[in-house]
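In: structure for the following, please:
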Amino acid sequence: MARDEALWRLPATELARRYREGSLTPLAVAQACLARLEAVNPKINAVVARRDAPFMDEAEAATERFARGEPLSPLDGIPLSVKDSLYTRDAPTTWGCPALRAHAMGQDELAVARARAAGALIVGKTNVPEFALEGYTGNPVFGVTRNPWQLDLTPGGSSGGAVASVAAGITPLAIGQDGGGSIRRPASHTGLVGLKPTLSAVPREHVLPSLLLDFEVIGPLARTVADARMLFEVMRGPAPVDRSSLAAAQAAAVPRPARALRILYVERFGAAPLDPQIAASLRQAAQRLAQLGHEVREGALPLDLDFYAGAWPQIGQAGLAHLFDQHPDWAQQASPKYLGMAEQGRAIPAARLWQILEEVKRLRRDSVELFASVDAIVLPSAAALPWKAEDAYPTRIDGQEVGPRGHAVYTGWVNAAGLPALALPCEPSREGLPIGLQVVGPYGADDMLLDLGEAYESAYPWSERWPAL
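Out: Below is the predicted model of the structure:
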């Protein structure tokens with residue numbers, strides 16, 4: 001190993017290979033990880049809770065395992081970060097909330113436990129917006145997280161700290177969470193790969209209360225598709241405690257097409273505005289998929305999503321109302337915005353919530369019919385380029401005024417449908433800002449999406465793009 005080698009630039013798969021051959025140790029990588037954290041985290045505010053001493057102890061233990069030829073898994077000795085909306089047994093999970101500064105369950109969320117058991121080295125927790133309900137990242141506890149590509153801009157949210165940690169080279173991997181696009185949109189804003197898995201492909205246990213029904217899933221963030229797959233393989237798999245994970249595992253076992261894929265390219269949703277640079281980048285990406293031999297046709301998404309324009313905010317409002325009823329002490333220190341949302345939630349009749357549940361079932365049935373004639377759908381991950389870091393959302397896109405979810409119209413329906421979606425980088429903007437696409441597949445088709453992503457990445461690589469920082 002050269003003395004000046006930038007270990008923080010190496011992908012997780014390359015680290016694993018070099019550990020096996022003995023040319024690099026987890027201890028050396030952990031030291032480089034902490035040095036990189038010291039150098040860049042003050043600029044971006046990605047990692048908000050550190051565990052330096054146990055992190056180094058665990059790196060030393062991993063180094064000893066490799067010396068004996070007894071690694072726990074391909075993930076052994078690989079640094080990663082964990083989103084601060086997921087429980088970790090040895091650090092508080094604040095959820096960006098003042099009342100939860102010291103909130104600790106003493107247990108890992110199941111996906112975190114699986115990564116830890118596989119030998120992953122957890123450097124710390126990454127920042128989120130309050131209650132992880134926003135498309136940017138900032139809260140009263142830890143402040144604002146910034147985009148490594150341009151520090152006055154947001155990395156998105158709610159997995160903004162997670163993507164910033166990976167894009168800046170603090171860790172090659174991060175565990176994120178996606179309830180309405182919170183992996184895919186931040187990935188698109190920072191030039192990363194992010195997998196929103198099939199509902200329950202990664203089972204849930206030891207969790208914060210859900211604010212978005214069963215839409216919230218755990219997934220990997222990485223610089224390459226192979227790295228994302230490495231982390232996903234460790235976290236996935238059925239667990240009896242989450243019965244729907246049994247169905248997800250069964251769906252994953254169904255053979256996927258061995259032929260060229262039938263891909264529907266959906267550039268926009270009706271009159272919803274889309275940044276022209278994103279549209280141009282996505283169109284080029286669709287053409288590249290066709291050049292790889294896939295059958296790509298352009299068209300509208302043949303699903304009726306109008307219901308969700310009104311229903312989506314109500315889901316979060318009802319979720320907050322229930323949360324504050326269960327935890328009034330949490331409400332006492334919540335920001336006024338969320339108290340107001342909870343009041344709106346209390347005014348929603350039970351019949352409306354029942355209607356929302358019925359519409360979710362209908363969307364999941366309709367998605368089955370859609371994927372009878374299509375193998376994958378290509379869409380933008382976000383409708384806007386990154387905006388000012390302190391702002392919850394952009395108020396204008398392509399000259400049109402938009403509301404809080406104007407930038408997020410392409411992602412939430414995937415969560416409601418329970419489908420997998422893979423975010424991939426495509427050509428950046430003129431200013432050098434990252435742009436991302438998402439590829440959505442049928443229920444259980446996570447592996448097909450990862451295969452497609454690896455083929456696209458091989459032909460049009462992006463992993464050598466780094467922010468200047």
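In: now do the same for the residue nearest the centre of the chain: its pLDDT.
Out: Central residue of the chain (CA atoms, centre = their mean): I183, 2.0 Å from the mean position. At I183, the predicted lDDT confidence score is 98.
In: the residue lying closest to it once chain neighbours are set aside in helix, strand or coil?
Out: Excluding its sequence neighbours, the residue lying closest to I183 (CB to CB, 6 or more residues apart in numbering) is G194, at 4.1 Å. C-beta: built from backbone N, CA, C; applies to glycine. Classification of G194 using DSSP: H, G, I helix; E, B strand; the rest coil returns strand.
In: who does G194 form a beta bridge with?
Out: L221, A423 (DSSP bridges).
In: and the gap between it and A6?
Out: Shown here: G194 relative to A6, a distance of 23 Å by CB to CB, to the nearest Å.
In: who's more crowded, these two?
Out: G194 (32 against 11; other CB atoms under 10 Å).
In: now do the same contact list for the more buried one.
Out: By CB atoms under 8 Å, 6 or more residues apart in numbering, G194 lies in contact with 159, 163, 176, 178, 183-184, 186-187, 219-222, 228, 422-423.
In: I78: which of those is nearest?
Out: Checking the contacts of G194 against I78 with CB to CB, the nearest one is A222 at 10.4 Å.
In: and the pLDDT at the closest one?
Out: 98.
In: repeat that for P420.
Out: P420 is given a pLDDT of 98.
In: distance of it from P273?
Out: Counting by CB to CB - P420 and P273 are separated by 27 Å.
In: more neighbours: which of those two?
Out: For P420 and P273, the more surrounded residue by other CB under 10 Å is P420, and the numbers stand at 30 against 19.
In: now do the same end-to-end measure for stretch 5-19.
Out: Stretch 5-19 stretches 15 Å from its first residue to its last (CA to CA, to the nearest Å).
In: flag every buried residue along it.
Out: Judged by neighbour count (16 or more other CB atoms under 10 Å), stretch 5-19 contains these buried residues: L7, W8, L10, P11, A12, T13, E14, L15, A16, R18, Y19.
In: farthest from the middle of this protein: give me that residue.
Out: R68 (34.9 Å).
In: angles on the backbone of that residue, please.
Out: Note on R68: backbone dihedrals following degrees, to the nearest 10 are phi -80, psi -10.
In: can you pull out the helices in the stretch 251-400 of the chain?
Out: Secondary structure of the stretch 251-400 of the chain by DSSP state H, counting those that start in this stretch: the helices cover 276-291, 307-326, 328-332, 336-346, 350-370.
In: identify whichever of those lies nearest to V234.
Out: Using CB to CB, these put helix 350-370 closest to V234, at 27.3 Å.
In: how far away is the residue farthest from the centre of the chain from D76?
Out: For R68, the distance to D76 equals 12 Å [CB to CB].
In: please identify which of the helices of the stretch 251-400 of the chain is closest to D52.
Out: Among those, helix 328-332 comes nearest to D52, with 29.1 Å by CB to CB.
In: ok now stretch 124-139, how far from the chain's centre?
Out: 12 Å (CA atoms, centre = their mean, to the nearest Å).
In: let me redo that: stretch 217-228
Out: Using CA atoms, centre = their mean, the offset of stretch 217-228 from its chain centre is 8 Å.
In: CA atoms of it as PDB?
Out: Only the C-alpha atoms of stretch 217-228 are listed here, as PDB (Å, rounded to 0.1, in the frame of the first residue of the first chain):
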ATOM      1  CA  VAL A 217     -38.200   0.500   4.100                       C
ATOM      2  CA  ILE A 218     -34.400   0.100   4.800                       C
ATOM      3  CA  GLY A 219     -31.900   0.200   2.000                       C
ATOM      4  CA  PRO A 220     -28.300   0.700   1.000                       C
ATOM      5  CA  LEU A 221     -26.500   3.800  -0.300                       C
ATOM      6  CA  ALA A 222     -23.200   3.500  -2.100                       C
ATOM      7  CA  ARG A 223     -21.000   4.800  -4.800                       C
ATOM      8  CA  THR A 224     -21.400   1.700  -7.000                       C
ATOM      9  CA  VAL A 225     -24.100  -0.800  -7.700                       C
ATOM     10  CA  ALA A 226     -21.800  -3.700  -6.600                       C
ATOM     11  CA  ASP A 227     -21.300  -2.000  -3.200                       C
ATOM     12  CA  ALA A 228     -25.000  -1.400  -2.800                       C
END
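In: show me what contacts R20?
Out: R20 neighbours (CB under 8 Å, 6+ apart): F66, P71.
In: show the average pLDDT along the helix or strand where it lies.
Out: In the assignment (DSSP states H and E), R20 maps to helix 12-21. Averaged over helix 12-21, pLDDT sits at 98.
In: thanks a lot, see you next time.
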